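In: any chance you could fold what I've pasted below:
(one chain, ligands or ions: 1)
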Amino acid sequence: MQHIDHIGIAVKDLAISLPLFEKLLNTQCYKTENVVSEEVKTAFFQTGETKIELLESATSDGVISRFIEKKGEGIHHIAFEVSDILSEMARLKKEGFVLLGEAPKEGADNKWVCFLHPKNTNGVLIELCQTRPL
Ligand code: ZN
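Out: Presented below is the predicted three-dimensional model:
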């Protein structure tokens, strides 16, 4: 695994949190994107090598709404950039980690992504991501 690509933060309302994080980080949001497959609306901020991804649920029963219901707003996942997501998935599976999905999915911000079940990672949802060629 390489550096932390981004930290995902679950928020109730992007319209409130997006300007809040622009003020906090003193940088403009560089991209908003709806990820239909994950039922989320996202907003990205660049902070050095690492990004902040705000996640708002696009539906009332999506993963982000359920997360906020259970735990409240806050850090949802940590994403590590990998150079070869397929070999990294195979390596982690062999080590006994549980992958959420057998194949990488198209994530936000031009990435192939795969999540690891947090039950094997001390309750932290880990995302692997690999930049997709444009
Ligand atoms: Zn993410």
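
In: so which elements touch whichever helix or strand Phe45 is part of?
Out: Assessed by DSSP states H and E, Phe45 sits inside strand 40-47. For strand 40-47, the packing partners by 3 or more CB pairs under 8 Å, 6 or more residues apart in numbering; DSSP states H and E come out as helix 14-25, strand 31-35, strand 50-57. Heads up, the C-betas are built off the backbone N, CA and C, glycines and all.

In: list the buried residues of the shortest one.
Out: Pointing back at strand 31-35 there. Judged by neighbour count (16 or more other CB atoms under 10 Å), strand 31-35 contains these buried residues: Val35.

In: how distant is it from the center of its chain?
Out: Computed by CA atoms, centre = their mean, to the nearest Å, the separation of strand 31-35 from the middle of its chain amounts to 12 Å.

In: so what touches it?
Out: Applying CB atoms under 8 Å, 6 or more residues apart in numbering, the external contacts of strand 31-35 come out as Leu14, Leu18, Val40, Lys41, Thr42, Ala43, Phe44, Ala58, Gly107, Ala108, Asp109.

In: nearest spatial neighbour of the third one, chain-adjacent residues omitted?
Out: Looking back up the chat, that one is Val40. Among residues not flanking Val40 along the chain, Leu55 sits closest, at 4.9 Å (CB to CB, 6 or more residues apart in numbering).

In: so who does that neighbour touch?
Out: Counted by CB under 8 Å, 6+ apart, Leu55 has contacts Gly8, Ile9, Ala10, Val11, Val40, Lys41, Thr42, Ile64, His76.

In: of the helices and strands packed on strand 40-47, flag the one that's most buried.
Out: strand 50-57 (a mean of 21; mean count of other CB atoms under 10 Å).

In: and it, which strands flank it?
Out: Sheet pairing for strand 50-57, assigned by DSSP bridges, gives strand 4-10 (parallel), strand 40-47 (antiparallel).

In: which secondary structure elements does the very next helix or strand once past it contact?
Out: Sequence-wise, the next helix or strand downstream of strand 50-57 (DSSP H and E) is helix 63-71. On a contact count with 3+ CB pairs under 8 Å, 6+ apart, helix 63-71 meets strand 4-10, strand 50-57.
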